[in-house]
Structures are given as structure tokens and as C-alpha cells.
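**Q** test case, fold it:
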Amino acid sequence: MISLMSSALTDLPVRLRSGQGAKLIRFGAVSAFNVILGQILLFTTQVALDWPAVTANIFAVSVGAVPAYLLSRYWVWEKRGKNQIMKEVVPFWTLALIGFALSTLAVWYVDTRWDVGPLAVNLTNLGAFGTVWVAKFSILDRVLFRSEEAPALP
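**A** Below is the predicted model:
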């Protein structure tokens, strides 16, 4: 068991430098940027603008989805050319809506169930989005932005 864990750790730098590993690192960076942007928007709209938690969450998720799509498409998966509405934009926004629905439901529940402040709302939002992060990468990589493989030569 220890040998297996040691081998996995030694192979990690090699795997991270692979195409898939680099893509995962870029996706992580985009996600980190989006989390920071979303958390700033969520906290600021609650504290500075005195918006209700659910309204602030709707705004933060909606605004954050735009740079998340653009950075994912152009930087993470290095797609060029015209955006394909039905093959890329609609499915990406559907995934964003799933995260949005989950986070809004969680924020609503925490906000109405307990008398909590903006920090607890932010942590709830983070937890909800964290639950869909790995699934989202897999779906984006294997379905939405999948590389078109060259046909095999005879």
C-alpha cells in the first residue's frame, strides 16, 4: 500500500505535465479565479449593497459564468473559431445552471434556516460549487470540448 502511494506521488509531476494534467491545472486556475470573483461579488453585494443572500447569489453566479465559459473554451481547452451555440454554449450554461441551482438552494436553506451572516452564506456557496467541480471537468473534457481525434491511418 505504501509502495503504491509512493509510486503515485512520484508519477504525479509527470502526469501533471501531460496534456491532460496541464488541462486540469488550467481548469483549476480558471476555477480558482471564478471562485474568487464569485465570492467577492457575493460578499460585496450582501454587505455593501445590502442585497438578500439569494439575490446576491443569483447575481454572482450569473456574472461569473461569462468569464468561466470564455476562459474554459479558449485557455483550458484551447478551442478556436466560432462558438457553437448548441454544442458548447447551451451545455456549458446548463452545467452552470446546475451549479447555480444547487448553490442557490443551499444558500436559501442556510439563510432561512439559521440567522447567519455573509461569511456563512459564502461558505455554503463554495461547498455547493465544490460538489460539482470534478464532474464538471469530466463533462467539459469528455463531451463539451472533446478533442476531435484524427482518423486512424490504414
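**Q** so where's the chain shaky on pLDDT?
**A** Low-confidence segments of the chain, defined by pLDDT under 70: 1-18, 147-154.
**Q** where exactly do the helices run in it?
**A** With DSSP state H, the ranges of helices along the chain come out as 2-17, 19-47, 53-71, 90-113, 118-139.
**Q** quick one: residues contacting the residue positioned nearest the centre of the chain.
**A** Nearest residue to the geometric centre of the chain (Cα atoms, centre = their mean): residue 31, 4.9 Å. Counting by Cβ atoms under 8 Å, 6 or more residues apart in numbering, residue 31 touches 68, 133. Just so you know, the C-beta spots here come from the backbone N, C-alpha and C atoms, and that holds for glycine as well.
**Q** so it versus residue 51, what's the distance?
**A** Here the criterion is Cβ to Cβ, to the nearest Å. By it, residue 31 lies 24 Å from residue 51.
**Q** now residue 90
**A** Taking Cβ to Cβ, one finds residue 90 at 28 Å from residue 51.
**Q** roughly how far does residue 130 sit from residue 136?
**A** For residue 130, the distance to residue 136 - Cβ to Cβ - is 11 Å.
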